[in-house]
Structure formats: C-alpha cells, structure tokens
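Colleague: When you get a sec, could you give me coordinates for this:
(2 chains)
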Amino acid sequence: ELSRMGLSEIVNSLLLSAEPDHQAQPFDFIVDGELVRMPLHQFLLAKGISAERVLELEYIKAVAPRKQEPPLPHDDWVSAVDGSNPSFILTGCYDGLARIWKDAAECTQVLEGHSGAITSASFINKGVETDGSLHVVTGSKDRSLRLFKFDTSVTIGSSKRIGAYKILPGHTSSIQSIAVDPSRNMICSASWDTTIKLWAVEGSEEDSDTVSVKKRRMNSDASGPEESQLEGSASSTLLGHTQCVSSVAWPEQRTIYSASWDHSVRQWDAQTGRETWNMFCGKALNCLDCGGEGSSLIAAGGSDPVLRVWDPRKPGTTAPIFQFSSHSSWISACKWHPSSWFHLISSSFDGKVMLWDLRTAWPLASVDSHKDKVTFSICGLPFAYFWGK
Amino acid sequence: WGAPMEKTRPRSPPAGRTPPTSPPTTRRGATAPGPRTTTTTRHRCRSRTVARALAPTPTPTAWRRRMMPRRKRATPPRTRLRRGTPSGTCRSSGTRTRSTSVTTSQRGRSRSGTGRAESTASSAAKITMMTGTRLKIWDDYNAEEVKITKEEAKIISRMMKGKTPHANVDPYPDYVDWFEYADKGHPLSNAPEPKRRFVPSKWEQKKVVKLVRAIRKGWIKFDKPKDEPNYYLLWGDDTDTADNKRQGLSYIPAPKPNLPGHEESYNPSVEYIPTQEEIDNYQLMYEEDRPKFIPRRFESLRSVPAYEKALREGFDRCLDLYLCPRTRKKRINIDPESLKPKLPSKKDLRPYPRTCYLEFKGHGGPVTSLSVEATGQWIASGSSDGTIRVWEVETGRCLKVFNVGADVHHISWNPSPERPILAAIVGRDLLLLNAEVGDEETQVRTKELLHVGEPTPEDDGDKKPAVRWVNNDKFDGITLIHHRAASTVEWHSKGDYFTTVVPTGESRAVLLHQLSKKHSHHPFRKLPGLPVAAVFHPTQKMFFVATKKFVQVYDLQKAEVVKKLESGLREISSISIHPGGDNVIVGSKDGKLCWFDTDLSTRPYKMLKNHSKDITSVTFHRRYPLFASSSEDCTAHVFHGMVYADLNQNPLIVPLEILRGHLSSDRRGVLDCKFHPRQPWLFTAGADSMIRLYCD
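Modeller: Numbering: from 1, shown residues only, chains lettered A, B, ... in the order given. The predicted structure follows:
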C-alpha cells in the first residue's frame, strides 16, 4: 500500500542518511513520464504495468501552492495582475486605476488616467532599469493603452498617483489583452474590434501630429495630470480575426499568437504582419498562453470548462494533445509557469484557480478562496494570483 | 310363344272349334317339333323323379292352364270343359315309373292288383291280357314293390314304341295363325294413337327443370374433378403453416416438445441424477431458471408414481381454453421507432446552447426583457424593479444602471453598432436612452441624435396626437409619450426606424417612428384584432404585425397587405422573423409554437406543442440555424431550424435542448430569451430576477 506519502518518507529517510541536515519534504514521483497520483498498486493496475517488472521511479520536488498572503484589497473587480517583477506586483482594476504593490504588501503607486475599466496590465521591463524607474503598460475598455513610468525608490506609506506619459489610442473598441515582446520594445494589443495592433514603446514622440493632439488634450482636460502626455500610433495592424480578439501572447520575437471569439487561434509573423498558421477549435476562446518546451505549446481556455493544450508543430490535426476538465465554468485565464515546462495555472468563473501538470490529468492544487469569479490570473515566479470582487 | 297367345285370348276362335284335336294348319311342318316334344311329356307323373327326368317345358297348353284362374271370366266355360278332359285322363292314369323298371323281373307283376284294370282303357288292358301276368317291379329306392297297372303298362308300351304316352294326345295339331293380317284390312289395334304420345311428359319436364336449376346453382359441375394426388410428403412437418393456411385458419402450431433423453428414463444412469447439493441450489434459482424436470431413479417402471402435476396442468389447460380470446385480434406490429421521423443526431447539429455558465445577477425584480447589442459585447435588460441595466457579456459585470422609476416592459437595442441607443417601454411610454458604450465620436453623434428640437405644434384638430417626442433631461434621452400604453418596441435593421405597438390604440395601434427626423405616423388603420407585436422584415421593406390570431404581412412601399397568416392559436404572444425573411415563428399563450413558411402557405408549416405554459418569447439566431422559445414553465427550448436555399426542400426542425435553471417566481418563469448575435449562446431573463447565459 505504497502511496506518495510512503514513497516520500522512503526518499526522505534515504536522503537523511546521506546528508544529516536534510529537511523532510514531500516529493512527487514519475513513472514512464506520468505523475503518480494514487497508491502505487492502483497506478500499476490502471496503467497495466506488470508487478514483476522493475519499476523506475523518478522523484521530483512536489509543487505545492504557497501559503496565502494577506489579500490586497481593491475597491472594485481586479481585472489584471502581473507579478513578473520580483519586487512589485501590478494590478489593474475595474475602477480605471492600476496599482503597484511593493513586496505584495503595500500599494506604493496608483496609476490613473483611464476612463474605463482596465482589462490588462503588464510590466514592460522586468528588471529595474538603470535610471531606477519601471515602465508599465495598461489596456482599458476606454479603447486606449497607456504607458506609465514610475520610480522604484519610493518610500513606503504613501501611495503616489501617477499619470501616463504616453497614450496609445487607435482601437475602436475595448482592449482585451496586451502582450510585450521578449525584447521589450514592442507591445501588441488585442481588441474587441477584431484587430491586433503593434505599438512601439519608444520613438515617434517628436512627431508633430502627436504633439498637437497632446496640446488639445491638455487644453480640454483641465483636471488632467500636469506631466506632458504623448500620443503614439500603431506601427502595424494585424487583420484576420472576425470577432473579438480576446487574448494575445508573444512568446518569441517573430511570432504572436492570438485567440479569438471566432473560435480560432492564429499565429502571426510580427515582422511582416501576416498570418502564418491558424486553427479552429469550435469554442469561443477567452485566454491563451504559450509555454512548455521551447514555448511551443499553446494552452487556451474558452466558453467551456475545459483547458486545452495544442501543439502547433503537429501537422494535420487540430485535436488538442491535453485536456484538463476539472473546472465547472468558463476558463477566464491561463498561464504557463515561466520556468517549468510542465506546469500551468488556470482560473475559472467558478471561483477556482487550478494548478496543472502536463504529466497528469488531475490538478496538482486547487485554490478556491475567491468568493466570485476569478477574472484574470497571471502567474509569475511565486505563483501570484488575483481575483475579482 | 306365350305373348301372342295372351293377346289372342279375347279373340278366341269361334265356338265349336276344338284346337287341340283338330287344328287344320298349313304350317304344321314348320312349327311341329317344339309342341310335339312337349306334348309327349305333358302328363303329370306321380313319381317326382320321373317328372324331373322328363323335365317338361311349359307347353302353351300347360301355361294356359296355369293362367286359368285369372282368366276365368274371359274364358268361356265350354273351353274349360274341353280342357278338363285330357287333364283328368292324365290323373287317372298316373304311373310309377322307375329307372330300373326295364330291367325288373317279372315277379312283381304277378302280385300287382288286377282291380285297376277294370277302369282302364282298352289298349293297355290288351297288353296285360296278352302277357297274362301282372307286372310287379321292385323299387330299390323306396324299398317296395310297385304294381304296374294296365294303364301304366300301356304308357310304357307306347313309350317303348316311340309314341306319345297317351293315346288322346295329338302331337301334331294344326297351326292356327292368329296374327295373320294380310287379308284382314286392319292392324292389330285400331285405336288411334293417344295424345300423350305426342305431348311432352310433365314429369320429365319437372325433372329437367330440376336439373337445369341444379346446373345453374352450380350443384352439378361438369368440370372433371381434379385428380387428387394420392401421395403425400412423408417427412413433412405438420407445423408447416403454409400448408395449413389453405384451411382459412390461422394455424398456430404448438411448439414441438424436445425428444426425451436419457435423463427422462425411469431408471437413468447415475450421472444424470443430481446430487442433493444441486437440488438445494435449484431452490435458490429463479422460478423460470429452475430445471423443469429433475431425473429420479426407480426400481421398476411399476413403481413410477403418477404424474404429480397432472391435475394442475389440466386445470391450467382448461383455464387457457377458457380465457383464450374468442375473436381474432388483428394487431399491427410496427416498431415505434420506425414511426419517428428521421432526424439528424444532435451531435451533428452542434453548436447549440446547452449549459449555463454565466449568471447576471443584480436586478431586484423579475427581468421582463433583454436585448443584446449588435456586436454581442453588451446586453441590456429591463426589470420590474424600475431599472435598466447594461451588462458586459464577457464577465457578467453590470456596467450601468438606469433608474427609470417605472416598470420596464420591453427593451430593444439599436441594431446599428454606430448608434448605441436603447429603446425601452417604461411605464406606458417609450424611452430612448444613450447606452454610453461607444467611442467619443459615436457618443457625440448619439447625443446629437437624441435631442429633439423645438416641438412643432402639429394641430391634429380635436384629437390628441398619437405620439409626442419630448426630451428627457434626466437621461439625456427622448421620451415618446403615447396616447395609450405601449407594449413593445422593435427596431428596423438599419437602426433609424422603429415601431411601437399600442394594443388598445384601435386605429392608431401600430406606430412607425423615424429617429433621425423625430417623426411618427400610424399607417395601419385596420387590424384584424388586438395587435400584440410588430416586427420589420430583416432585409426587405416589409412589416409583420401579429394580432391575437393572425399575422399580417404588409408591404411598406405599396402600403398594402401582402399576406395574412392564420395561426389557429388561441392568443399569439410573440413573433420572430428568420434572418432570411421567409420564415416566421410565432409563440402563443397556450404553449404552442408555430412555424410559418410564408412561401409555402398561410397555414403553419409545423406546430410544436412543447411548453406546458405560456410562451413568452420566441427568437431566431441570426447566424446559426437555431431558434428558441421561452416559457412561463421556467424552461427555454432550443431547436435546430434549418432553412434551405432550395425552395423544394422544407425547413428542417429538430428539437435540441431544454434549458432549465430559472426558478419560478410568482408563477412566472422565463420572461424573455435572446440569442447572442455571433455565438451560439442564449440569454434568458427570468422572473427570479436573474439573467442566464447558456453556452455550447
């Protein structure tokens, strides 16, 4: 009756005999590339492995959710979160404000300016820049993107309000998703108006047109921030989707993936702006992320409770290679682990966040501390997550 | 010989003529031999043996004598007298002759009596006298001595001489030709031929009539009877019903019993006998699985007991006979599955709404109506709690709340994406609202559009105007004040025209409004009943008005009725037009849904009785071949409704799904349902103040 716990004890005792200062910890075990999630004899029966055989067990550290930190209170639904920066967490809220949280405890900056709910937010540069400031982009339902810049050396205790230094208008409908390219120079945004637009982070500030627009805006909006605002225009537009583009991902320099409510996942060439691959899955898709080995697998969830993983390298088929179906409502967001090939996390309208491993069909962990729908989740290094309401 | 004699009897010869004695005849020679031989033996002998030996054939005379008593009267007495003479002679001269008489000795003769000789004739006496001795003959047969009289002796002597025995008999009488007609001049009978000889026989005719009748009736058949083969199939099965069908009976053969095996022997081998354990196991089995026969062993056939179930089975058999139906019931054996129409599988008709994943909560009262924005990003709902809410479809978040302060009966989103305008029936009037969801330019245009200039005082005479356009300052919208309470509002697909229905408005019941010109008019004066709803044709300039029983189709350009669809329903509650425009569905308050194919007929193409309570709303999907109906019984039904471009092919209607989930509140269920314009999703508005989104 060996279960995971028993096996872990064996491994721990073995390790303890090798190193006297070893701390006991839980392990996961892999047989033939599959995680053992039940007692060993049941697993052997289920897989049809003969008990006569020599069984090779590979042990890895068990992935367990961290302890829940004290929640960061918001006034309204939290719609976006980015925890990719080691010291800051960026959240977007339905009240039109983005917030910077230092060390997941205190709100240091409030990024204001959007007139509609923020739908997505992202750090542009992950590390602290040389001049000690961080760049942040937010997309909103008011059809615009805003770029913010804030100083990282801010004293704790005062939440400073910061306005955007650059506005990127151009979409005709609400922005659904934002992705930043790996070189941190380009932003792509997906919108309800069926287009994906690419924006350059730097440059074109000296454009005379944008200046004039800026002036007019400054004049008309008297209560606006005093800092100078610039306007940029899209460097290119990717046309092809027929309905709302709900999610974009930019895993490599040249390729952009997008998911849409027209049931398709498309791959775009970022340089030429042409569509290079597409796939139809029969469901309206809400979220998409690329990850896995070489960032080549696509995980997407949509208007059904199944999280699917496709391999675009597989020719001639649109069947998903993995399906995870423990949720009970729409999948609202999904994210691959930034460093692990096997782990991904998904959130659903049923209020649960689930951690998945590609090597087993059961969720590794499920977090259901949210009261209502989990609208957006982004997993960074410490598996941070945020929720609505 | 006899017959002519008979006939001639009445015509007997004239008196005085004695035929036997003196018949002078010309044909004597020709007819002589027969009578002659007979006449020789004509006498009657006392000895039977002699009479037999002589074997006389009846002569005419003897025959005649035998006939005598019958002909007594006809015969003259004289004739009798004459005949009596020879017969009397014959009797008196009876002799006893023996076969041995010739060889007999003379000793018997001497003993015979002489007394008899006195009365005998002269010639015989002479012989006796001549011999001088009395002849006596020993009769061996009777063992006695017979005396021969003189007469007998005479006869014997005559016979020995070859003469006739009696001297009085003339062996050759003359032939009398009684039938000689040649010179008579008359036939035998002069009587005329009787009439009956010429008249067809009555009895014969009756017989013929009977035969004819029998032939006509078919009792007599002239066909040759078929040759029945006198062979039969020796190994044939009597269960062969084909053979028994000729009897006209529905012959059901009894099932053939199995042939008995070894185990049914009275003394089977030991291996057939079940052990006690097996017998106990039989008790645990079901009655029908239990073996019917358990083999047992008996010492001898004599010790086999009577069949213990005989009485029971006899009773069962009688009961079967008693209870068996006396009439033949003709039952049609049809597989009920084959009666169902062949419908495609539900799997092939995906996608269609199946499961509820999103709930839009927030209203404080029954949600009476909802409407989806043209792009499908937002929905608007109106409730009895006096609010209009705008929701985000993607997340289920309530974006805006308009507190209009009165019951919202119907709400409709402008189908043009450039005009985010909501039209809602609030209280008794129509309210046009800016939903404030577009970009700045759109907002500006919408604000301009939703502003009524100086109301020009139109003098309608003494009549109250049907509609007045008034600015609504509270919501920056327009209120259209109707003369009576309006019930529904529908937009034209271009988003400029809209229509409101005022059920009690009589001649001004259906109103057409133009948003850009802020103008209203009421072109439909006459309606067949109270109007319920009015819809624009999706592509053409047509207009549908649903009254309680009918659906009128108007041509807006020609301003005339094109069609009148007769629903046959009790009361129409809602109507929806297929995006193609040729098909109309109508929901009724008795839970029925009618599909009209306007090209086909003005009668319903299909009538679906699917709901148990009132249908509140019916709707078509704009892209997918789907339609849905919602009802007060807390369910919404989703159907596949495929309309083919080929006019010869009828629309295909397949029921797909019953969507449940809404709770009944105040005996009201689902109050409205609308499809998402682009996804196969269905929104339902319930009386439990909830909006549900059903996804595929």
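Colleague: Neighbours of B:N434, how many?
Modeller: B:N434 is flanked by 21 other residues according to other C-beta atoms under 10 Å in any protein chain shown. In this view, the C-beta of every residue, glycine as well, is placed from N, C-alpha and C.
Colleague: Leaving out chain neighbours, which residue sits closest to it?
Modeller: Across the structure, with C-beta to C-beta, 6 or more residues apart in numbering or on different chains as the measure, the residue nearest B:N434 apart from its sequence neighbours is B:T446 (5.1 Å).
Colleague: Please list all residues in contact with the one you found.
Modeller: The contact partners of B:T446, taken as C-beta atoms under 8 Å, 6 or more residues apart in numbering or on different chains, are B:R419, B:P420, B:I421, B:N434, B:G438.
Colleague: Report the closest residue of the stretch 51-200 of chain B relative to chain A.
Modeller: Of all residues in the stretch 51-200 of chain B, the one sitting closest to chain A is B:P200 (104.6 Å; C-beta to the nearest C-beta).
Colleague: again but with the stretch 351-500 of chain B, I slipped
Modeller: Using C-beta to the nearest C-beta, the closest approach of the stretch 351-500 of chain B to chain A is made by B:Y357 at 4.9 Å.
Colleague: What about that residue, how many residues nearby?
Modeller: Other residues close to B:Y357 by other C-beta under 10 Å number 23.
Colleague: Assign it to helix, strand or coil.
Modeller: strand (DSSP: H, G, I helix; E, B strand; the rest coil).
Colleague: and chain B, which residues reach chain A?
Modeller: Selection of chain B residues close to chain A by C-beta under 8 Å from any C-beta of the partner chain yields B:350-351, B:355, B:357-358, B:375-377, B:394-397, B:439, B:678-679, B:681, B:695-696.
Colleague: Recalculate using a threshold of 6 Å.
Modeller: Among all residues of chain B, those adjacent to chain A (criterion: C-beta under 6 Å from any C-beta of the partner chain) are B:Y357, B:Q377, B:T395, B:D439, B:R678, B:Q679, B:C695.
Colleague: and those as JSON lines, adding secondary structure?
Modeller: Listed next are these as JSON lines, based on three-state DSSP:
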{"residue": "B:Y357", "secondary structure": "strand"}
{"residue": "B:Q377", "secondary structure": "coil"}
{"residue": "B:T395", "secondary structure": "coil"}
{"residue": "B:D439", "secondary structure": "coil"}
{"residue": "B:R678", "secondary structure": "coil"}
{"residue": "B:Q679", "secondary structure": "coil"}
{"residue": "B:C695", "secondary structure": "strand"}
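Colleague: Run a quick check on the residue of the stretch 351-500 of chain B closest to chain A versus B:C695, I expect a contact.
Modeller: Yes: between B:Y357 and B:C695 there is a contact under C-beta atoms under 6 Å: 5.1 Å.
Colleague: To which secondary structure element is the residue nearest the centre of chain B assigned?
Modeller: Central residue of chain B (C-alpha atoms, centre = their mean): B:K330, 7.1 Å from the mean position. Following DSSP states H and E, there is no helix or strand that holds B:K330.
Colleague: how close does B:K558 get to chain A?
Modeller: Here the criterion is C-beta to the nearest C-beta, to the nearest Å. By it, B:K558 lies 38 Å from chain A.
Colleague: and that residue, how many neighbours?
Modeller: A total of 9 residues lie near B:K558 under the criterion other C-beta under 10 Å.
Colleague: Can you give me the distance of it to B:V545?
Modeller: 15 Å (C-beta to C-beta, to the nearest Å).
Colleague: cool, A:V367 as well?
Modeller: If you go by C-beta to C-beta, the gap between A:V367 and B:V545 works out to 56 Å.
Colleague: These two: which is more packed in?
Modeller: Looking at A:V367 and B:V545 with other C-beta under 10 Å, you find the greater number of neighbours at B:V545, namely 23 against 20.
Colleague: Run the chain-centre distance for the helix or strand where that one lies.
Modeller: Using DSSP H and E, B:V545 sits in strand B:542-547. When C-alpha coordinates are averaged (C-alpha atoms, centre = their mean, to the nearest Å), strand B:542-547 and its chain have centres 52 Å apart.
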